[in-house]
Each structure stands twice: as structure tokens, then as C-alpha cells.
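**Student:** Here is my input, please return the structure:
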Amino acid sequence: MKDLFGQALLDYQNENYTVDIITSTSISDEDILPLPYLFRDFKGMPKLEKKALKLAKGSVLDVGCGSGSHSLYLQRKGLNVKAIDISNGAIKVAKQRGVLNADKKALLDETETFDTILLLMNGTGIFQKLSQVSKYLIHLKSLIKPNGQILIDSSDIKYMYEDEDGGLWVDTNSGYYGELDYFVSYKGEKETPMKWLYLDFNTLRLACETIGLKCELALEGEYFDYLARLTL
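**Tutor:** Now for the predicted structure:
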């Protein structure tokens with residue numbers, strides 16, 4: 001990985017902001033991801049993120065922390081937060097912005113336990129494929145304390161496959177419809193494509209029940225998105 005995402009965050013943090021990140025997926029055209037949005041404060045966050053931050057308690061693990069916006073908000077509330085991301089640039093920026101405990105680390109390499117684990121901005125994306133959901137959930141389950149919780153958001157993207165008559169053109173032979181290839185480019189450079197998973201709530205709940213986690217719908221968004229709360 002070239003860490004173009006991290007480079008973009010560093011550019012914005014160091015006042016070298018000239019262009020935004022361009023994203024696309026295997027089923028959608030190019031879209032602009034504005035860098036200022038990745039540095040938003042609580043007021044600028046969508047309601048699912050606000051709800052998750054209000055539910056957060058005790059010691060917190062912020063998975064895929066990016067520039068550290070969620071961690072900073074929780075730190076200011078007096079919570080003990082650990083922020084992790086696989087992007088070197090993101091961790092540098094999070095530290096520069098004042099996140100006290102930020103570490104370049106993949107979720108599956110984390111071993112500490114927490115009262116709250118946050119996976120926001122389509123947190124299920126980190127699972128990559130439907131076949132890996134159980135592996136990640138089993139690991140997440142091992143990281144929460146007895147009364148702990150996992151707060152994770154995603155979207156049911158079935159609507160993206162609807163035609164004008166309301167019918168679906170999902171290819172049932174090509175695997176789960178929420179498995180996408182995710183493409184990022186920045187300043188003319190292209191990042192190595194990633195696998196990214198959008199998981200509908202019922203599929204997430206079933207996967208949780210299979211491995212002994214309770215899955216509740218904490219909040220529904222306006223665009224087929226949702227926040228789930230997972231507990232032991």
C-alpha cells in the first residue's frame with residue numbers, strides 16, 4: 001500500500017491542502033472525499049457517529065481512527081482512548097492533533113481489552129469479505145470486557161442494484177452483494193485496490209448470534225445505514 005490516504009491527511013494537517021481524495025467502487029463511479037470532512041468536529045458528524053460517541057464508555061478502542069476526530073472528542077470527555085489505524089500517515093496526524101495513545105496496528109493484532117470498541121465510517125468494511133466476518137467478530141469478542149460493547153456502523157447497499165422499476169439486478173452467482181472493490185486516488189496516484197464490505201443488519205445479526213454476541217439496532221440512518229451495538 002502506498003498510504004495515499006495517510007499522505008492526504010498529512011497534507012491537510014500541514015496546510016498543504018490543494019486537492020481532495022477521489023474514491024470509486026466496483027459498482028459506483030468516481031466520487032470526491034473532501035479532506036476537511038476527515039477533520040470534522042462533533043457538530044459536523046452524521047447522527048450515527050454522534051450516537052456512537054454518546055454511547056461510548058470506559059476504556060475505548062477507536063479502530064481505523066483516521067485523523068483522530070472521534071478519539072479527540074472522547075478524550076475531551078475524559079475517556080481513556082486508544083486509537084489504531086494501518087495508515088502511518090493517519091497515526092502521525094492523530095498524534096499531531098493531540099490523540100494521546102495512537103498506534104499503527106491492524107485490528108487482528110490488537111490484544112488489550114476495552115469497555116467500548118468503535119468501528120465507524122462503515123466499520124464493517126474492515127472485514128473485507130463475508131467469509132471473514134466470523135473471524136473478525138470472534139477477535140472483537142475477545143477484546144471486550146465482560147460488560148463491554150462494540151459499536152459498528154454500515155449500510156445495506158441493496159438499493160444500489162435497483163433498476164427504475166424497483167427490480168434488483170444482483171448476480172446471485174457472484175457472492176454477497178455488499179462485497180466491493182474500493183479504489184482510492186490522490187494527486188494523480190492510484191492506491192492498491194482494497195476489498196471493502198458493506199453488511200446489511202440482518203446478516204450482521206445472524207453472524208453475531210452464531211458466535212455468541214448479542215446484536216441490537218442502536219440507530220437507523222436515513223440512507224439505508226445503521227449503527228449496531230454488540231454485547232456478550
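**Student:** Please enumerate the strands of this protein.
**Tutor:** 21-25, 28-33, 59-63, 80-85, 102-104, 114-119, 144-155, 179-186, 189-190, 194-197, 214-220, 225-231 (DSSP state E).
**Student:** so can I have TSV of those strands showing mean pLDDT and mean neighbour count?
**Tutor:** Where you see a C-beta, it was placed from the backbone N, CA and C, and this is true even at glycine. Putting those into TSV (pLDDT from 0 to 100; neighbours: other Cβ atoms under 10 Å) gives the following:
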stretch	mean pLDDT	mean neighbour count
strand 21-25	97	18
strand 28-33	96	11
strand 59-63	98	24
strand 80-85	98	23
strand 102-104	98	18
strand 114-119	98	24
strand 144-155	98	20
strand 179-186	97	18
strand 189-190	97	11
strand 194-197	97	19
strand 214-220	98	15
strand 225-231	98	20
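**Student:** can you list these in CSV and add distance to Leu53?
**Tutor:** Shown next, in CSV, are these (distance: least, Cβ to Cβ, whole Å):
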stretch, distance to Leu53
strand 21-25, 23
strand 28-33, 21
strand 59-63, 9
strand 80-85, 11
strand 102-104, 17
strand 114-119, 8
strand 144-155, 9
strand 179-186, 25
strand 189-190, 33
strand 194-197, 23
strand 214-220, 12
strand 225-231, 11
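**Student:** Now do the contacts for the nearest residue to Ala83 once chain neighbours are set aside.
**Tutor:** Nearest residue to Ala83, sequence neighbours excluded (Cβ to Cβ, 6 or more residues apart in numbering): Cys65, at 3.7 Å. By Cβ atoms under 8 Å, 6 or more residues apart in numbering, the contact set of Cys65 is 71, 83-85, 90-91, 94, 99, 102.
**Student:** Alright, that wraps it up for me.
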